[in-house]
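J.: I would like the atomic coordinates for the input below:
(one chain, ligands or ions: 2)
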Amino acid sequence: MDINELKKIFGEHYGSPQAVYASPGRVNLIGEHTDYNGGFVLPGAIDKGMALAIKPNGTSKIRVFSVDYNEACEFGMNEADKPEKGWAKYIFGVVREMDKRGKKVEGFDAAFYGDVPLGAGLSSSAALESTFAYALNDIYSLGIDLFELAKIGQATEHNYVGVKCGIMDQFASLFGKKGNLIRLDCRSLEYQYVPFNPTGYKLLLVDSCVKHELVNNPYNRRRESCEAAAAAIRRRHPEVEFLRDANFDMLEEVKSEISAEDYSRATFVIGEVKRLLDACDALTKGDYQTVGKKMYETHEGLSKLYEVSCEELDFLNDCARRYGVTGSRIMGGGFGGCTINLVEDAKYDKFVAQTLADYKAKFNIDARIYDVVISDGARRLE
Ligand code: ADP
Ligand code: MG
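T.: Numbers count the residues shown, from 1 in each chain. Ligands and ions are numbered 1, 2, ... in the order given. The predicted structure follows:
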């Protein structure tokens, strides 16, 4: 699928588009479970995303065609006239959130498609929200800054989809820049570009294609552990708001006051904040071996201390080690989904072929491979 085909499909439904936009999915190189601990994340936009052809239609109705679902959906701007299709909720949410901010959108026609794998942890939903948010802001000259557009996407997930996500995905989709990752401070929302030009390496995801059912909401328990450890430290060090502010010495001081489980969880988080900063230093120096080492350490911590891995993800991480991959770790919350891997060009073919074979032999599941290149964020194409 390319832009001309998209325009042709738009044409079959709605005439010729006024403009065409695109917005990507994202990866996060390192920095897992750090967001709700006030720490940093290190995402980058990828070369897979959503493309959208759009034109105001002079009515108060929104008419959208999803190329990938081969479905059309028509809806209005208000709750009384909301869309029925699941995928259209993301678009309706963006329009509603703009309206709540006093930014008026009028009726439009749109057609869109995407190549971000759905539900694999590359944030196809943020790509979708960001594309529409960016496009509407542009064609209606609403003057909303990129940060607010990211918040509009996040609020769409919270209020219209029911996913209580952080801001990283929408942020990366909008602020992405070719050849750069973005170090985002999840507390202050300050950010900084960090060069990522891994000449001689490829970045790829291996999708375990499993998602384990979560019982007793393990994510909430992880958060509670982090909060308990931070609270214990804060009693001695009032400046510690989140675990991000703590160090290992502080944690040792309270070891006897918190549970062994809380101690392990906090050890991971404090280590992860430091690993991310170390990885940023290494990236600035172009030292990808050290970056890779940090990724393995993160995996180890997620598996042994934070305990959000699973047999399949640990197996994929072992494959990476076995076939000489420079860095590999779980990407995302855990219990399934993808590993993100930094692999030398010369080792790529063997790693992929062997891992697919080994994984199939062990679990009888076909893993999926997604190559990614760090690319630009939301933009107008035509
Ligand atoms: P992800 O981790 O990829 O963001 P989500 O479950 O949050 O997974 O979002 C996936 C949903 O986003 C899909 O169910 C669909 O509603 C919407 N979506 C994503 N990509 C597309 C697409 N190409 N076309 C239509 N809808 C899409
Ligand atoms: Mg999503």
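
J.: Report the separation between Asp68 and ligand 1.
T.: Applying C-beta to the nearest ligand atom, to the nearest Å, the value for Asp68 to ligand 1 is 4 Å. (Glycine included, C-beta is placed from N, CA and C.)

J.: Got the domain ranges for this structure?
T.: Following automatic domain parsing, one gets these domains for the chain: 3-197, 201-372.

J.: gap between the first one and the chain center?
T.: So the one you mean is domain 3-197. 13 Å (C-alpha atoms, centre = their mean, to the nearest Å).

J.: ok, now the shortest one?
T.: The gap between the average C-alpha position of domain 201-372 and the chain average comes to 15 Å, counting by C-alpha atoms, centre = their mean.

J.: Give the rounded mean pLDDT of that domain.
T.: The predicted model assigns domain 201-372 a mean pLDDT of 97.

J.: Same check on the first one?
T.: Along domain 3-197, the predicted local confidence has a mean pLDDT of 97.

J.: first to last residue in it, what's the distance?
T.: 27 Å (C-alpha to C-alpha, to the nearest Å).

J.: The shortest one now?
T.: Domain 201-372 has an end-to-end distance of 11 Å (criterion: C-alpha to C-alpha).

J.: And ligand 1, is it touching that?
T.: No: Domain 201-372 lies out of reach of ligand 1 by C-beta under 6 Å from any ligand atom, never closer than 8.2 Å.

J.: Wasn't Asn197 part of a helix?
T.: No: using DSSP: H, G, I helix; E, B strand; the rest coil, the secondary structure at Asn197 is coil, not a helix.

J.: Leu181 is in contact with that one, correct?
T.: No: counting by C-beta atoms under 8 Å, Asn197 stays clear of Leu181, with 10.5 Å between them.

J.: What are the boundaries of the strands in the stretch 201-350 of the chain?
T.: Secondary structure of the stretch 201-350 of the chain (DSSP state E, counting those that start in this stretch): strands at 201-211, 327-330, 336-344.

J.: Parallel or antiparallel, list what pairs with the first one.
T.: Strands adjacent to strand 201-211 in the sheet, as given by DSSP bridges, are strand 336-344 (antiparallel), strand 368-372 (antiparallel).

J.: which one of those has the most crowded surroundings?
T.: strand 336-344 (a mean of 24; mean count of other C-beta atoms under 10 Å).

J.: CA atoms only for that one - export them in PDB, please.
T.: Output in PDB follows, covering the C-alpha atoms of strand 336-344 (Å, rounded to 0.1, in the frame of the first residue of the first chain):
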ATOM      1  CA  GLY A 336       4.000 -11.800  26.800                       C
ATOM      2  CA  GLY A 337       4.500  -9.600  23.800                       C
ATOM      3  CA  CYS A 338       7.800  -8.800  22.200                       C
ATOM      4  CA  THR A 339      11.500  -8.800  22.900                       C
ATOM      5  CA  ILE A 340      13.500  -5.900  21.400                       C
ATOM      6  CA  ASN A 341      16.900  -6.900  20.000                       C
ATOM      7  CA  LEU A 342      19.900  -5.000  18.900                       C
ATOM      8  CA  VAL A 343      21.800  -7.400  16.600                       C
ATOM      9  CA  GLU A 344      24.900  -7.000  14.400                       C
END
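
J.: Let me see the contact set for Met50.
T.: Counting by C-beta atoms under 8 Å, 6 or more residues apart in numbering, Met50 touches 22-24, 112-114, 116, 124, 127-128, 130-131.

J.: who's sitting farthest from the centroid in this structure?
T.: Ser256 (36.3 Å; C-alpha atoms, centre = their mean).

J.: what's the spacing between it and Leu305?
T.: Distance, Ser256 to Leu305, by C-beta to C-beta, to the nearest Å: 18 Å.

J.: again with Ala111
T.: Separation of Ala111 from Leu305 (C-beta to C-beta) stands at 47 Å.

J.: Please apply the same query to Lys7.
T.: Taking C-beta to C-beta, one finds Lys7 at 51 Å from Leu305.
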